[in-house]
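K.L.:
Could you look at this predicted model? Sequence included:
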Amino acid sequence: MVNDNNLISQEGDETGIDEASGNASEESMDFGELYEQSLQNVQFGEIVTGTIVQITNDVVMVDVGWKTEGHIPIKELKDADGNISFQVGDEIEILVDRRDAEGNLILSKDKAAKLKIWDEIKEIFGQNGLIKGMVIERVKGGLSVDIGIPAFLPGSQVDIRPVRDLDKYVGQSLMFNILKYDRKRNNVVLSRRAILEAEREEEKKSTMERLEEGSIVEGIIKNITDYGIFIDLGGVDGLLHITDMSWGRITRPSDSFSKGDTIKVKILSFDREKERVSLGLKQMMDDPWNNISARYPIGSIVSGKVVNLADYGVFVELEPGVEGLVHISEMFWTREIKHPSKVLSLGDEINVMVLDVNSEQKRISLGLKQTTVNPWESLKQKYPDGSVLKGVIRNITNFGIFVGVEEGIDGLIHVSDISWRHRVVHPSELYKKGQTIEAVVLGIDPGNEKFSLGIKQLESDPWEVLEKNYPVGSIISGKITNITDFGMFVEIEEGIEGLVHISELGPKRGKTPPESHKLGDMVNATVKNIDTKERKIRLSIKDGSEEPPETDRTNQYLNNKERVSSTLSDALADMKIGETE
């Protein structure tokens, strides 16, 4: 507290001195002396009790004794709604703050309250006591609390466990410990954690005394995880594992339970030293899986309710605690679905066939399609192997073409069964979706629901007569379709090529193929070897002329349809160069 003797009124107008005459009235001198004496008794920074003598629109005048009055800004006495609860004549604690430039004594109710709260904070902190406060708002890292002055409650000190939603505390009046304070920095840090820990410890002692294995207890669901739920039994948490929730299958506990719910459970085991409690819910009911095979024999048709939808199938409740799985592959004979939700909904009542029962693992496999006629059974009689059918291309992939045979049944033409002569990189090179084509039935597998078709089987395999048409040692004439570092490929017939290895290039053997031959050139070559199984032909031009004769074979070749050159990767796949030299 400061005794400000320098704030006494100076000579001039305030003392009533007439500067022109140098005289002052006796009354003016008496008032000045009294005023000066009153100011000398005022201690700036001191908390005093004064009496309200006047209330105006801007200030409240307060008599602080010794005929001295000061004023408080009106805003310090207004509540949140802008009302003033004080009246003239009321006593009020204020702090003597300062004098303004005009010599008025400035008082403050807010500063007086803050000084008192700091004294209270110091006392509570020293005694490890509690202080009450109102949570004002959420701030970075925690909450702002009004305890008479703004204080900070860190998020880690709000509760015993981490709190995700701090906003729920805003507006609540709570009790706090004071962790630390710094008056110079106007900083106070609070905590609720120690209070809650103490309360929980007392509650835990009481709970531990009454817990027994096999007893039924009531608790509140505190937390829900993928593997179970934690239940507060009264200062002690117990775990209800997902496997002990129901005799049936529960995929996600959050689908069946909610945080904050009250639940009755059975104590399965209790470790008093480690304070671990295992709880069970299904143990409070009879096991419905006892004698399950007798109630649901394999092959029987039963009804149930769809209780869960997954990517791989649907779960059907046959009775409370007993669920079976209809795998997506067992839903329809011919119809393909991306997700069961496209055809079934939660709560649907359906008929299913029992396919398998495993009482030990508590699993039942069910089938939906088995309750209808299997259309694949009659396909073998309707489409015998070797028969030809027409169909519309429904889909084209990199491995083949799907052709619609009947409603919901497609046949597959594998890319290897499209052409004898052409190596097809992608079926879309030759066919389009929606196109009608003919194909040969290669085989039907009802068990695996596979229908195999072929296009190349509509004509004979040209490689079967190749050895007869081109015996070893015969001379052929063909066009160069590809040149590589190891040789060049010559087209003998449409889609059939032979390899002239670099070692079989004849007189110009020392030169590389690109220097001696060009794509599109016609050459004569000798057939060295034909491997019909591997579909490979070896050629040589050592003994042949490079100028092709005007033979009927040459004219016939030139009239053939121009063939698309094979790529290097296709050539390497068709030929094993390691057999040369």
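P.N.:
Structure received.
K.L.:
Leaving aside the residues adjacent along the chain, what's closest to the residue nearest the centre of the chain?
P.N.:
In the chain, the residue lying closest to the centroid (C-alpha atoms, centre = their mean) is Asp226, at 14.5 Å. In space, and not counting its chain neighbours, Asp226 is closest to Arg252: 6.8 Å by C-beta to C-beta, 6 or more residues apart in numbering. (C-beta placed from N, C-alpha, C; glycine too.)
K.L.:
Then Gln283?
P.N.:
Computed as C-beta to C-beta, 6+ apart, the closest residue to Gln283 that is not its neighbour in sequence is Lys266, at 5.0 Å.
K.L.:
Pull the number of nearby residues for the one you found.
P.N.:
The tally of other residues near Lys266 (other C-beta atoms under 10 Å) stands at 18.
K.L.:
what do you get for the one 4 residues further on?
P.N.:
Other residues within reach of Phe270 by the criterion other C-beta under 10 Å amount to 19.
K.L.:
give me the element it is part of.
P.N.:
Here Phe270 sits within strand 262-271, counting by DSSP states H and E.
K.L.:
Which strand residues bridge the closest residue to Gln172 other than its chain neighbours?
P.N.:
In this structure, Gln172 finds its nearest non-sequential neighbour in Val135, 5.2 Å apart by C-beta to C-beta, 6+ apart. Beta-bridge pairing for Val135 (DSSP bridges): Val145.
K.L.:
rewinding a little: who are the contact partners of the residue nearest to the centre of the chain?
P.N.:
Counting by C-beta atoms under 8 Å, 6 or more residues apart in numbering, Asp226 touches Ile242, Arg252, Pro253.
K.L.:
any idea how far Met134 is from the last one?
P.N.:
Relative to Met134, Pro253 is positioned 37 Å away (criterion: C-beta to C-beta, to the nearest Å).
K.L.:
How about the first one?
P.N.:
Relative to Met134, Ile242 is positioned 41 Å away (C-beta to C-beta).
K.L.:
of those two, who's got more company?
P.N.:
The residue with more neighbours, out of Ile242 and Met134, is Ile242; 18 against 13, by other C-beta under 10 Å.
K.L.:
and the residue nearest to the more buried one when sequence neighbours are not counted, how many residues sit next to it?
P.N.:
The spatially closest residue to Ile242, leaving aside those adjacent along the chain, is Gly228, at 5.0 Å (C-beta to C-beta, 6+ apart). Neighbours of Gly228 under the rule other C-beta under 10 Å: 20.
K.L.:
Quick check: Gly228 touching Gly238?
P.N.:
No: applying C-beta atoms under 8 Å, one finds Gly228 not in contact with Gly238, separated by 10.0 Å.
K.L.:
From what I see, Thr532 and Glu464 are in contact.
P.N.:
Yes: between Thr532 and Glu464 there is a contact under C-beta under 8 Å: 7.0 Å.
K.L.:
residues contacting Gly404?
P.N.:
Contacts for Gly404 (C-beta under 8 Å, 6+ apart) come out as Gly391, Val392, Ile393, Arg394, Asp410.
K.L.:
Distance check, the first one against Gln457.
P.N.:
With distances taken as C-beta to C-beta, Gly391 is found 15 Å from Gln457.
K.L.:
Compare those two (neighbour count), which wins?
P.N.:
Counted by other C-beta under 10 Å, Gly391 and Gln457 do not tie: Gly391 has more neighbours, with 20 against 17.
K.L.:
doesn't Ile401 make contact with the more buried one?
P.N.:
No: here Gly391 does not reach Ile401: they are 9.7 Å apart, not a contact under C-beta under 8 Å.
K.L.:
what residues are shared contacts of these two?
P.N.:
Common neighbours of Gly391 and Ile401 (C-beta under 8 Å, 6+ apart) are Ile437.
K.L.:
can you give me the strands for the stretch 201-350 of the chain?
P.N.:
216-224, 228-232, 237-241, 262-271, 276-280, 301-310, 313-319, 322-327, 349-358 (DSSP state E, counting those that start in this stretch).
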